[in-house]
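Novice: I'd like to go over a predicted model; first the sequence, then the structure.
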Amino acid sequence: MLPAGFSLRRGAMIDRPLLLKFLHRSYQELYPETGFDHLRTTLNHYFTVDTPLWWVRTETEQVVGCLWLGNSVDQISGDRHSHIFLLYVMPEYRRRGLGSALMATAERYAKTKGDRQITLQVFTNNQTAQSFYQSLTYQPHAILMRKILP
């Protein structure tokens, strides 16, 4: 449940520009020196009618948070499940319960689809987000490894 003064609205395909803006904000917070022009391609590839979107709005209709879900397949069990592509709350609206309310929305949606799990990716340098997800009983399941090639 959202705190007083906020409402939740289901997004639509017409919200693509706003979703792109929120994707940029999310990544720019962690990597301000990086350009993220490729996010438009990511959005074009993954944002469909089958990947639901929700917006948190203030009483004045300002959009201050979003949740974008997709689908994934567990590579161990083969089960299809919901995957959180983006959870973002504007910094000045954090620690008010908006992120928790969006996560509860994601979990309710996943359950209505018959999913037995929900996944997300969080960067290793984002300790605040890791702590937040762990407070909601999310647990590390895999480690994405990379090597920068010369």
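Specialist: Thanks, I have the structure now.

Novice: Quickly list what the residue nearest the centre of the chain is bridged to.
Specialist: Nearest to the mean C-alpha position of the chain, counting by CA atoms, centre = their mean, stands Leu86 at 2.0 Å. Beta-bridge partners for Leu86, by DSSP bridges, are Trp68.

Novice: Test my guess that Tyr27 contacts Thr34.
Specialist: Yes: using CB atoms under 8 Å, Tyr27 is in contact with Thr34, at 7.2 Å. Backbone N, C-alpha and C define where each C-beta goes, glycine included.

Novice: From Ser135, how far out is Arg116?
Specialist: 21 Å (CB to CB, to the nearest Å).

Novice: wait, Met13
Specialist: Taking CB to CB, one finds Met13 at 33 Å from Ser135.

Novice: Name the residue in Tyr27 and Thr34 with the higher neighbour count.
Specialist: A direct count of neighbours by other CB atoms under 10 Å for Tyr27 and Thr34 places Tyr27 higher, at 17 against 8.

Novice: which ones are touching the more buried one?
Specialist: Going by CB atoms under 8 Å, 6 or more residues apart in numbering, Tyr27 touches Thr34, Phe36, Leu39.

Novice: which residues sit in contact with Thr42?
Specialist: Leu23.

Novice: can I assume Cys66 sits in a helix?
Specialist: No: looking at Cys66 with DSSP: H, G, I helix; E, B strand; the rest coil, it is strand, so not inside a helix.

Novice: so it makes contact with Phe22?
Specialist: Yes: between Cys66 and Phe22 there is a contact under CB under 8 Å: 5.0 Å.

Novice: Common neighbours of those two, please.
Specialist: Common neighbours of Cys66 and Phe22 (CB under 8 Å, 6+ apart) are Leu86, Tyr88.

Novice: Alright, that wraps it up for me.
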